[in-house]
Structures are given as structure tokens and as C-alpha cells.
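[1] Sequence and predicted structure are below.
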2 protein chains.
Amino acid sequence: MGSVGTSPPPEVKHGVNFSTQRGFSKKLKSGFKETLFPDDPFRQFKNEDKPSRRFIKGVQYFIPIFEWLPSYTWKLFSSDLIAGITITSLAIPQGISYAKLANLPPLVGLYSSFVPPLVYAIMGSSRHMAVGTIAAASLLVGQSISSVCDPEKEPTLYLHLIFTTTFVTGIFQAALGVFRLGILVDFFSHSTITGFMGGTAIILILQQLKGIFGMKHFSAKTNVVDVIKGIIDNKQEIRWETTVLGVIFILFLQFTVFLRNKRPKLFWVSAIAPMCVVVVAAVFVYLVKGQNHGIQIVGHLDKGLNPLSIKYLNFDSKYLSAVIQAGLITGILSLAEGIAIGRSFSVTENTPHDGNKEMIAFGLMNTIGSFTSCYLTSGPFSKTAVNYNAGCKTAMTNIVQSILMALTLLFLAPLFGHTPLVALSAIIISAMLGLIKYEEAIHLFKVDKFDFVICMAAFFGVAFLSMDYGLLMSVGLGLIRALLYVARPAPCKLGKISDLGLYRDVEQYDTTKFPGVLIVQLGSPIYFANAIYVKERIMRYIQSEQDGSGDVVEYVILDLSGVTSIDMTGIEGLLETNRTLEKNGIQMSLVNPRLEVMEKLITSKFVDKIGKESFYLTLDDAVAASQYKLNIVKTNGVYDESVDESNHHD
Amino acid sequence: MGSVGTSPPPEVKHGVNFSTQRGFSKKLKSGFKETLFPDDPFRQFKNEDKPSRRFIKGVQYFIPIFEWLPSYTWKLFSSDLIAGITITSLAIPQGISYAKLANLPPLVGLYSSFVPPLVYAIMGSSRHMAVGTIAAASLLVGQSISSVCDPEKEPTLYLHLIFTTTFVTGIFQAALGVFRLGILVDFFSHSTITGFMGGTAIILILQQLKGIFGMKHFSAKTNVVDVIKGIIDNKQEIRWETTVLGVIFILFLQFTVFLRNKRPKLFWVSAIAPMCVVVVAAVFVYLVKGQNHGIQIVGHLDKGLNPLSIKYLNFDSKYLSAVIQAGLITGILSLAEGIAIGRSFSVTENTPHDGNKEMIAFGLMNTIGSFTSCYLTSGPFSKTAVNYNAGCKTAMTNIVQSILMALTLLFLAPLFGHTPLVALSAIIISAMLGLIKYEEAIHLFKVDKFDFVICMAAFFGVAFLSMDYGLLMSVGLGLIRALLYVARPAPCKLGKISDLGLYRDVEQYDTTKFPGVLIVQLGSPIYFANAIYVKERIMRYIQSEQDGSGDVVEYVILDLSGVTSIDMTGIEGLLETNRTLEKNGIQMSLVNPRLEVMEKLITSKFVDKIGKESFYLTLDDAVAASQYKLNIVKTNGVYDESVDESNHHD
């Protein structure tokens, strides 16, 4: 192999550990655990000695309500009650409006704030989550199912298909949780969600202009171009009466938001503002006989709790693929939103939050919801933020919300039938204005251009193409970014900071170099996708060293400290690099391979081929060895047999 | 932020570099260069001062023949001539057999060894490549186009569609080269190719049993189950005469392979063996009047060079999608094979090889080939290996092959019409037996289980489903592996090897720990896909520290030396981690962020939020600082204002 193992320099202080190797089952178990159980979820009860304690802890783990309910107090309840009332006052107008986004009867929106919050209160791990329907998913599911069934012509079939979609979503979410595939949700980056929310907000605002303008005809499509064209085409339908009302409502709502931002203690003003708008608008329109002025209202609403809908689930193969597709996309989207918001509050308050438990809770609430005339629910950003600001302490707020919603359904539902559509539109527009986070986009642009592109792909994709395309494009770009990282893990050239004895990036720190020696810190991982790159990059370093300082490289030292994984093609790439270097009379040594890498280098016989004497534990040892050998060459004019084959030696 | 910036311990020797920041254009340029131009291809001529020299070097760069032809000698030519004759003797039987795999007239196979080698000789960068058709791609392209056009019923249309596919392949390959997207080929790992070749070999061998058994009816499908069922269903058609002949031929061919492996100098025996089989078989069958015994022959072959086919390219929209799909898949597949084999010999011989130039050369040879009645060509493993063993020195061997093939087409073609099909089948089977590399699979199994799965997915996918599914499954698994790596970049806990002053993985080396301090080396990158994981993993380390030794962690030191990239979600994850740690009364410090990471930490205001005093250049400094602060706590019972909020302090 042409190495100088026979005369190691005396400076080598400590060898690389060639002996520690884990067995296959241990490696598999560790890999499995890191991939699917990184939070070691069963730790809390599996270490209990007494079986009864272990059982109780286990039940508490799987059904979180048993964790907090035993120690629940009246003091906590008083906080939760206020928060619960606040979110219900938001849930009623939002429920009605978002149901309309999904082309559903308004009552379905109210039903969806009765059953699912109860389920979440039992199963959910977050203390701050307020369950409800979400605008983006409502629009998306409405669009998808409308493409196979016209909600105007076949409203019953359409409704049943929506329930079926919710069922699919629920099963899918629960399965993700059970199989601990939260890893899928991880691939929805913050940038994707920011862009998606912004794009959705834009198209929702444009869509709600229908309500604000009091128009009867409107574009069925949601993208910006079609909607604007639709408004221009039907501009003669615009009624000044509703427009004036709508603008006033929006201004009022935005003022309350402004107030909340100025004085956080006044959060409740903005929280009950939508309810006030609904009540004021309904009374006003009733008094002025708004129908005569073209002001449309929600229409008749029946009293009564959720009817059972389990028997209506429709798995007709004609619609199944659309239903499954819509269920999966909205399922993962609403998980991404719900988990992100739950996590952010749990960090602020240092309360528990478990992504996999959340998935199971969301899954169950959607599955049970689909049996009881509810459609897709999640943890909406806005409602959860209101809940948090209102001082919620536990998931009890969801029980309060549920009970109040039940009372509303039983006794007050008909009253809400008088709500003018323009009020609902104003509420949606006002909520959506808060979701266009341009400062965040500017921040992304400043910090990370690729993240900015990912965000903009979602934003423009949603606004100008369609919601699912926008989402897929953005997630796709995120995956490409991850793959590009693997294809090109950045190496860097190291030099020594002389007075400190440290080896650091020559671009970053003022370092000195050793003549004839090239030190490269390789990036992680070394995989099939970058094996050739790694070799070419090393050769380029050598070349530029010779072009720049005219210094002929005779030793290449590869620092593997940062490389956490290597595969077969990567190992072959290193062997190939070594072969090419040898042909050019250059010696290669490797410094500090990590455990997983070392295991593979040994089993693949790489170590045998390269020779154990080419491995060093520290850069200092490797450099000292190279200097020692270079001195021999300088003194004797030759250092070992491999020199005979090399072609550019001094 | 609750840090102790006001009283840094005296031990900090050297600060982290917060000042070096590259401009956007510099970062973009560097990122672009690393991604697409890692080999710095234009270095060779862009540094030339004289314009005329630069022009000459530029031409030599883009058209490699000008690089070696000026210094070409008679001595080199004598080597190349012998190698050229050898590969031609292989090219004739292989050309006829592989054309039959693609359901093409045998002559097209011969044409394909006339024009493409000439193009490659001018444009190709490898010295050892022998251009020709390849079995796997022939079968794959034949299958794909057969699905839209029956080669029996519409042979002319079928032929034209194959030319069109070749054209698409050529344009695609050249475009990949021009846009330097060799990165796509990188995603075909060695394991994928091994499995794919093995699976293809299996189905090819089974298919060729038709020729060996002399059967007339055979399964049109290629998967193992269907082919075996087809043989059993038509077993009454098996002719003992051809079977005996076939077995003899296979045994003879395998014996020559055995001979070559035993005595590499006798490589030429195995190289000319196929030609011998063809000649012997043709003469023998002619003498014994084989037709009477059910021995089929190739049939009439016209004399003459390649007719022009550019006018036959058929872009009918009815077939276009099949054509494009087949063109892309076979294009990238044949590139992966051709580039891999070229590279491996260039490493052995230290001769030039440039992946992007190869793509352009392959692209041009297929584009021009499609104009001149050729179908898909690449650099086949077997032929290139024969070329290398025969002592080829430059691409001149391809010119020799081309000229000899032209002479064959002009004068000898009709003679090859007498070749019995059984001889061709024996040649294919014998070639395929060499492609089933079970030792390689065993090696993969031992070294890397995931690589083994990737390999087996290709093998079984090809053998039991179809060639393209097998390939896609395997490449997909490779991508999943890369994404899994990004989702879970392995961190490790560090301890100090006391007598050496080094910090190393506690699992790998015998180290000592510092009470109250947890040192974690983070894996690279910190991206959206792992931001949550990184946090959960750190919390688990803290938890297990407390469960294990009962030691309460008060300092977490994150070693970022190995982290080469971070994105916005990753930065937020670190902030979130810091917030959670703070809530638990734990202080976090960061050691040695790399240049790219530091740039983003600064622009995202992370550094301002965490405080510069939390950054250290070495682990030693960070540990010393933590020890210093812990001592203050022990002495005074309090260390700073943030302690008031923390909840489990002694």
C-alpha cells in the first residue's frame, strides 16, 4: 500500500480505537430508536418497579388527561373557564365562516367545535391548544372534493364525501402517530408553512371580496388571476351598501388587533370582536331590513346537537382517490400547523408537548368527528393564540368550549342564522391579514436565500396556481435542498492557529500552513451522492495549492471528526481517492473517524487496505508524522518504495 | 438573556471570529461552484495569459481528441490496433444479440458500432472506453417502446420510435453535461447499479432460454415468474438439438472466462471466444443443415453502411410520452454505467476522466447515432474491460473498431446472417453470468445493511416486477436514505481523554466527564428536517444523565465543529432549545461554529439573542468557563439573575 508503517515518528501519543464495534442488533436498535423514538417516550413508566405504578404511569402516558386531571384545582378552572368562553365567542363566527369556505352548511362548522374539542381534551398533550376548523384546510378540502362532486347540485353526496375525507384524515393522522412517523411532518419546514399561510391568506381575502361586495356571481377558481378577472367581469353586481358595511367591520376588527398589539392586556377586545361584529351586524341588518339592500344572510339554522354520520361514510371507488388524496394532504397540512403552534407555546411556557401524541389526538378527533357530522379540525394558529392570551391552563378550555357550543347548538343556533355574510367575510379577511408575514419573508431573505425561495414557492404557488401545487412545490424544494446538502457536504481546508495549537478553517481564521501538507476537514455524510465530489474537491485543493503558492502537496490529511455516517460507495470513493493520490506520489492519512464510520471502515476491510498506521487520533499527530516523513525525504531524497512510481517529486 | 457575560473566567484564550462574513454574491458564487463545478473544469485554460494559448487549451478542453492526437505515436497505435481488433470481434456478435433484445433488426446493432465510436473518439475524455450497445438498456428500451407499438406488426414504426428514443436520450445526456448536472448521476449508487445489473442478468438469462431451447413461443413479459411459466406452458417445443449446442457453447464460453480469471494474460481467448462461437456455430449448422433440426438462424443481412435516419424521427404525440420516458430512463441508466466504468479504469491508470465531458460525448454519440440508424450506445462494462485488458492506450481503439465495423458492413454482413440464434443466446447468457455479483451483495450485507437493501430492491424489483420499477425503487430508497440522514444527523456525547486533553465520543473512547456539564457534538446539517430532533436529543441526553448518574446538568456545551450548514428552521430550533434549557435553569454555550453557520447565526440575530459570551473557540475554553461558573454557584449559592426563574437548583 506504499505507506511508511515501518517507521512511525515518535510523536504519536495515542492511537485510534480500532476495537470498539457494536453488534448488528445493537446498531439496528440504536438506529431505529434515533429515527423513530428520539424522545425516548416510554422512559417515564418503563423504569417504574411496581407493576401498579407502571400501569398508572402507562395510562397517564397514553391518555394525557389522567396526567393533569387528578391535580386539577378550582383556581385552574377559573382561568380555563374565561379562556373557554373567549374561544367559544371566536369559534361560532369562525365555525360558520370556514364551513362556508368548504362549501358546507354553517351548522357543520358549529358541530366541529363540539365533538373534536372533547376528544382532544382527553388525548391531547398540549395545554394551550384550542381545537377548531382552519381556513386553509377548509378551502383546500372544499376545492378538492368540489372537483369530483358539485356541492350545489349534489349537496348531500358532497357532505358525505367531506365526512369520508375527514375519516381518512383521522385514520392517517392516528397511524402516523402510532407508527411514530412524526418524521414526515418534519419535512414541512417553517419557511414552507409561512409561505403557504401567506399565499392562502391572499386567495382567501380575494375570495371574501365576494361577501364584502355582496356579489352573486364569482369565480369558482381560487387563484389570484381568475378571482380578479371574475370581479372585473361582474363588477356591475357590486353593492355599495354591503361594501360600506364590510369596510367598517374590517376597520373595526383591525383596530382591535392594533389595540392588542399595543396593549397585550386588551387581548380580549380582539378576541370577542368577531362575536360583536356578528351580533351588531345581525341586529343592524334586521333593523334596516338589509335583504332589500342586497345584504345576504346565513339563512335558517336548525336547533340540535350533531347528528350521527358514521353511516354516511362513502367509499365509492368513483370518488375514493380524490377523497384519499384530499384526506392525506389536508391531514399532513393540519398536523404541521397544529404541531408547530402547540410546540411554540409549550416552549414559551415549558409545558409538555409530544408530537406523536398530538398526531394520535388529532387523528382520533377527526375519526370520531367524521362519525358525528364534523369536518376537518386542527389547532388553528389564531384560536390557540387567543386561548393562550386568555390565560388557559389546561385542555379544560376545550371542554368548556365544547359545552358552550353544545348549549349554543341546542338553544341559540337559529339566532345566528341572521348573521349577514358580509360580517363573516370581514371576519375572515381580518384574520387572514394577520397571516401575511412579510417581515418574516424579509428576514428569510436576509438570512437564507434558499429558505426564502422555499417560502416564495409556497406563496406564489398557492396564490397563482393552486393550494396543493404550491405546497408540493415548496416541500419539493425543501427535499431538494436536503438532497443537495448530502450531494455537496462542504469540506474546508484547515490551518493551524499557531499560538493556540488549534486547527481551523483557513478562510475563517488567521492560520499558518505546513509546506507540503494539505489538511482537509470533510463534511458529513460521505454517501453515494457525494463520493465523487469528495474526491474531486480534494484534488482541486491540491491543484489550487500548487497553482497558488507553487507548493507541491505530498501529504493529504483528512479530518473525519465531523463525518457521522458513511456508506459503501463513500468508502469506495475514499479508496479511489487514496489510489489516485498514491499514483501522484501523495500520501493520505485519516484523523479521528467517529464510531459508526470506524465500524464500517473495519468491516469493509478499508482499514486493512489503507493500513492502521494511516489513522491518527489528532491532527497534531498526523501533521507531526507527515513532517517527520518529509524530513526523511529531504535528507535521503527518498522516503519509501512508493516513490518510484510517483511522477512529480523534487 | 441570563448569561454571565459580565464575569468571563480568565481562561478564555482566544475568541470566536464574529467578523468574517462573505458578501451575497461571493456566497452564491461559491455555492454554485461547489454544486456544479466542483472540479473547477476551466482552470486549465482560463489562467493562460496569451489569447492564442488560451484558445488552443480551450479547444483541447472541449474536444479531447486534440489533447492526445498531437502527441500520438506509432507505438501507441500498435497497442490500440490490437485492442480495436479485439473489441470488434466482440462487437459483432454482441451487436447482433443485443439488437434482438431490443426487437430490432440485427443490422441496427452493427450500425451502432460504426458511427457512435467515431463520435466518442473525438469527444470522449476516457482513454479506455469501448463504445457499444448494452444489454440492460437494449431490453429496457425494447420493452418500453413495445408497450406502445408492436414490433412484429409495425416494425417500421417501431424502428423509427427507437431512433426517436435514442435522439431523446442523446439530447438529454448532452444537456446534463452542458448544464453540468452530473449530480443527477451521483444519485445512482454503486449498490443500485450492482442490484440492477444482477436482476437484469437474471431476466436476460431466462429470456435467452428461448434461444437455447429453440422455442417458438415465449412469454412477452420479462419477469421471472412469467418467463418460467411460459417455458413450462410450451415445454413441448423444446428441441434437444439446439439445447445440446447451446449448453456446449455456454460451457466453452464460461471456460474461457475461467481461463482469463486464472491467467489474466490469456484475456484475448475470452475476448475472441464469442466470435469463435459465432463462426463455428454458423459453419456447423450450415454443414448439418440445421434448419431441418429446428435450429433457427439470424437470416438475411444486407451489405452497406448506415442509412440516414434523421428524417424518420417521429414526434407523434401518441407515442411521445413513452418515447420521452424511455429516453430519459435509459439515458441516465447508460450514463451511470458508462461513467462508472470509465472512472474506475481512469483511477487504476491515473488517466483523465471527466464526468461532464463524458455526458456530452455520450449525448452527441446518441444524437448523431439517431440520425444514422443507430440505437442507444454507451460504454458497456464487459467491452470496456476487454478493451483495457487488450492494452488500449487512447480512444483510437474506437476509431479502429469503427473502421473494422464499416468494412464488415460493406463486405461481410451477409455471412453473419448464418449465425444460429442459439449461439447468440449462449453469448448473452455467458456475458450475463458475469454480472451477477453475489460476493458483492454479501460484502454489502456485511458492511452496510441499508446498502444491501438498496441493492436487493433493485435486484428483486427488476427480476420480479419490471426493470424500471426495480430501478426506481432502488433509487428511491437511496434518496430516502439521504433524507433520513438529514432528518437524523447523529450527535454524540463527548468526554475528555484526560491525559491527552482531547474531547472524544464517550462510547468510542475511555473518557472522563465533568459533573454538571453535558458536552454534545452535533451532527451536520441542522435543517428543518431535524430541528426538533436535535432539541429532543439534547433533552434526552440531559434526562439520561440525571437518570443514570443522578447528576443534574447545569451546562450544555454544543460542539458545532462538524456542522457545515444550517437553515432558518434550524436556527429557530437552537433558539427554542436555548429557551427550554433556560426555563430549566441550564446554560447553553456553543463551540466553534464554522464559517457558513456563523454567517447565518449573525444575520439572523441569533448571536445577539444568545450573547457573544456564549460562544467559544475550543471545548476547553467552554468547559473551563462552565467550571468557573459552577464554582461561583457553589460558593455563593447563586450565579446570576436568571437563577430566580429556574426550578431545580441546589
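    Okay, I see it.

[2] For the nearest residue to residue A:506 once chain neighbours are set aside, which residues are in contact?
    Spatially, and ignoring its direct neighbours in sequence, residue A:506 is nearest to residue A:495 (4.4 Å; Cβ to Cβ, 6 or more residues apart in numbering or on different chains). Yep, even glycine has a C-beta here, placed from its N, CA and C like the rest. Residue A:495 is in contact with A:503-504, A:506, A:509, A:511-513, A:519, counting by Cβ atoms under 8 Å, 6 or more residues apart in numbering or on different chains.

[3] If we use 6 Å, what do you get?
    A:506, A:511-513 (Cβ atoms under 6 Å, 6 or more residues apart in numbering or on different chains).

[4] How about residue A:554?
    Residue A:554 sits in contact with A:516, A:586, where contact means Cβ under 6 Å, 6+ apart.

[5] Ranking helices and strands of chain A by mean pLDDT, which lands last?
    Sorting the helices and strands of chain A by mean pLDDT, DSSP states H and E puts helix A:43-46 at the bottom, at a mean of 70.

[6] how many other residues sit next to residue A:71?
    8 (other Cβ atoms under 10 Å in any protein chain shown).

[7] swap in the one 4 residues further on?
    Residues contacting residue A:75 under the criterion other Cβ under 10 Å number 9.

[8] and it, what element?
    Taking DSSP states H and E as the definition, residue A:75 sits inside helix A:74-101.

[9] Up against chain B, what does the stretch 151-300 of chain A have?
    Applying Cβ under 6 Å from any Cβ of the partner chain, we find that the stretch 151-300 of chain A lies next to chain B at A:183, A:186-187, A:189-190.

[10] And these, which is closest to residue B:155?
    Within those, distances to residue B:155 taken as Cβ to Cβ reach their minimum at residue A:187, with 48.2 Å.

[11] who touches that closest one in this structure?
    Taking Cβ under 6 Å, 6+ apart, we find residue A:187 in contact with residue B:529.

[12] Same question for residue A:246.
    Listed by Cβ under 6 Å, 6+ apart, the contact set of residue A:246 reads A:212, A:422, A:426.

[13] let's see 7 Å
    Residues in contact with residue A:246, defined by Cβ atoms under 7 Å, 6 or more residues apart in numbering or on different chains, are A:212, A:422, A:425-426.

[14] Going by neighbour count, which of these are buried?
    A:212, A:422, A:425-426 (16 or more other Cβ atoms under 10 Å in any protein chain shown).

[15] Does whichever residue of chain A sits closest to chain B lie in a helix or a strand, and which?
    Closest approach between chain A and chain B, counting by Cβ to the nearest Cβ: residue A:562, at 2.6 Å. Under DSSP H and E, no helix or strand contains residue A:562.

[16] What separation do you get for it and residue A:105?
    The spacing between residue A:562 and residue A:105, counted by Cβ to Cβ, to the nearest Å, is 58 Å.

[17] These two: who's more crowded?
    Ranked by neighbour count (other Cβ under 10 Å), residue A:562 and residue A:105 place residue A:562 first, with 26 against 20.

[18] residue contacts, the closest residue to residue A:396 other than its chain neighbours?
    Spatial nearest neighbour of residue A:396, excluding adjacent residues (Cβ to Cβ, 6+ apart): residue A:80 at 4.0 Å. Residues in contact with residue A:80 (Cβ under 7 Å, 6+ apart) are A:392-394, A:396-397, A:400.
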